[in-house]
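K.L.:
got a sequence here, can you model it:
(one chain, ligands or ions: 1)
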Amino acid sequence: MTEKIQRILSDSKGARWTALFIVAFTMMTGYFITDVMSPLEVLLDKPVAAGGLGWTSDDYGFFAGSYGLINVFLLMLFFGGIILDKMGIRFTGIMACGLMVIGVFIKYYGVTGDFGDSRFTLSFVNFSLPMSAAVASLGFAIFGVGCEICGITVSKIITKWFTGHELALAMGIQVALARLGTAGAMMGALPFAKAFGGKVGAPVLLGLVLLVIGFLSFIVYTVMDKKLDKSVEEAKGEKEFEKEKETLDEETDDDFHFRDLKYIFSNPGFWCICLLCLLFYSGVFPFLKFATKLMIANYGVSEDMAGSIPSLIPFGTLLLTPLFGSLYDRIGKGATLMLIGSAMLAAVHFIFAIHILPYGWFAVIIMIILGVAFSLVPSAMWPSVPKIIPMKLLGSAYAIIFYIQNIGLALVPMFIGKVNGADPSYTTSMSIFCGFGVAAVVISLLLIAVDKKKHYGLQDANIKK
Ligand SMILES: C[C@H](N)C(=O)N[C@@H](CCCCN)C(=O)O
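P.N.:
Numbers count the residues shown, from 1 in each chain. Reported below is the predicted structural model:
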């Protein structure tokens, strides 16, 4: 048995963890860019004459939501999943990294180019943006396609290497490293911009450089991926081994058929996870985009410190996501972890909405609780997908989940930007975020019931003893 187990590369602990850290680094650089502009709203809305870009909160909301625009309206994420299952990990990953780099390049041009007073206007829908916001949004939307496709590719990579091993821990560590990227952006972007004379372009350029390094590290990963496939092929030659590693063998890309997608679409557990993902993430990522200004407006935090408080959310998740992932691996109870996380999300936003204790220290406590919620749900949700969906459809399944999630990531910030313009007290926007939390609780309960009925094993441990 031991002899057989060592026949494929992913059975080597060193190899699979090396693969994980390489691709997690690529994702981390993507996450840095995703949030690098979040703490900069205070610079963006300054008039052009004062060194800002003259964006309104509505313009900023549009920009923040543009991340998901192409993914959602051009169905790019949906196609990305199919490309992943059809063309394989290496091709898709490189394509995704390339898109990210192109997108950030355009975004950088958007925030540094001299556009004067020119505006981008679509008069038939009464839509108008400063040209800088329009160009930056275009770049961010292209980047969003790359980043999301890279996300599903990395999920499939982790499943490929870690199935039957420490799957949830590995996914937890990947997410934790991604959060390090978010935290770095939230904490560092504003001071970095100020160090360069308040120039918004400086942290974006830093992100671009990091992203190129992330791209190079993905290219290094493709070498490992080739080696893993080769070792699987060699092992396949031995009959008795073939059966044992059935799950990994299914990864061969020729096995994907469009007709199999109906297996995904007719799966109730899958739909529960999709909805939960949409609701939960709509209550977190879009909130992060506005949290810095919320700290200044409602908790009296200074401009320089304001980005540090929301950055506690990703920082908190650094340790907790792998911890909860490892708990799920060993003890199970994945669906319960999701329920608890959703309930915490609802409670936190309720507290923000009712404005009690408007002090910085209290905001810190609430952010830490949100950080725990933001560890619980992802650490259990993502490793639960392979329990519901077979490996050969996993790329498409993650893509559909990300697709539905992107509807929230695109529309919620745009909507919240408008809401904050109309109600700067944040009561309305935080009540909306609280509503997402409550709905996530309902879906988590439904998921527990469906799991009981269909025996997906969401409450079971991942590590096979
Ligand atoms: C933004 C992206 N679509 C997303 O949801 N990312 C997740 C991590 C997904 C990892 C799946 N193995 C996140 O929590 O950041």
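K.L.:
low pLDDT regions in the stretch 201-350 of the chain?
P.N.:
Within the stretch 201-350 of the chain, the set of residues satisfying pLDDT under 70 comprises 238-256.
K.L.:
enumerate the residues of it near the ligand.
P.N.:
The stretch 201-350 of the chain has residues residue 281 near the ligand, with proximity defined as CB under 6 Å from any ligand atom. C-betas here are computed from N, CA, C, even on glycine.
K.L.:
in the stretch 201-350 of the chain, which spans are strands?
P.N.:
Assigned by DSSP state E, counting those that start in this stretch, the stretch 201-350 of the chain shows no strands.
K.L.:
angles on the backbone of residue 115, please.
P.N.:
Reported as degrees, to the nearest 10, the phi and psi values for residue 115 are phi -100, psi 0.
K.L.:
number of residues surrounding the residue nearest to it when sequence neighbours are not counted?
P.N.:
Ranked by CB to CB, 6 or more residues apart in numbering and with sequence neighbours excluded, the top spatial neighbour of residue 115 is residue 131, at 3.8 Å. Neighbour count of residue 131, defined by other CB atoms under 10 Å: 18.
K.L.:
how about residue 131, phi and psi?
P.N.:
Dihedral angles (degrees, to the nearest 10) for residue 131: phi -60, psi -40.
K.L.:
test my guess that it contacts residue 121.
P.N.:
No - if you go by CB atoms under 8 Å, residue 131 and residue 121 don't touch, sitting 9.8 Å apart.
K.L.:
apart from its chain neighbours, what residue comes closest to residue 457?
P.N.:
Among residues not flanking residue 457 along the chain, residue 387 sits closest, at 5.2 Å (CB to CB, 6+ apart).
K.L.:
so what's that neighbour up against?
P.N.:
Residue 387 sits next to 334, 456, 457, 458 when contact means CB atoms under 8 Å, 6 or more residues apart in numbering.
K.L.:
which ones among those residues map onto strands?
P.N.:
Using DSSP state E, no member of the contacts of residue 387 sits in strands.
K.L.:
quick check, nearest of the residues you listed to the ligand?
P.N.:
Within the contacts of residue 387, proximity to the ligand (CB to the nearest ligand atom) peaks at residue 334, which comes in at 13.6 Å.
K.L.:
which of the contacts of residue 387 has the most neighbours?
P.N.:
That'd be residue 334 among the contacts of residue 387, by other CB under 10 Å, with 31 neighbours.
K.L.:
surely residue 129 is in a helix?
P.N.:
No - read with DSSP: H, G, I helix; E, B strand; the rest coil, residue 129 is strand and lies in no helix.
K.L.:
looks like it contacts residue 118 (just checking).
P.N.:
No - counting by CB under 8 Å, residue 129 stays clear of residue 118, with 10.4 Å between them.
K.L.:
the two: which has the busier surroundings?
P.N.:
More neighbours surround residue 129 than the other of residue 129 and residue 118, with 21 against 11 (other CB under 10 Å).
K.L.:
which non-adjacent residue is nearest the more buried one?
P.N.:
Per CB to CB, 6+ apart, closest to residue 129 is residue 120, 5.0 Å.
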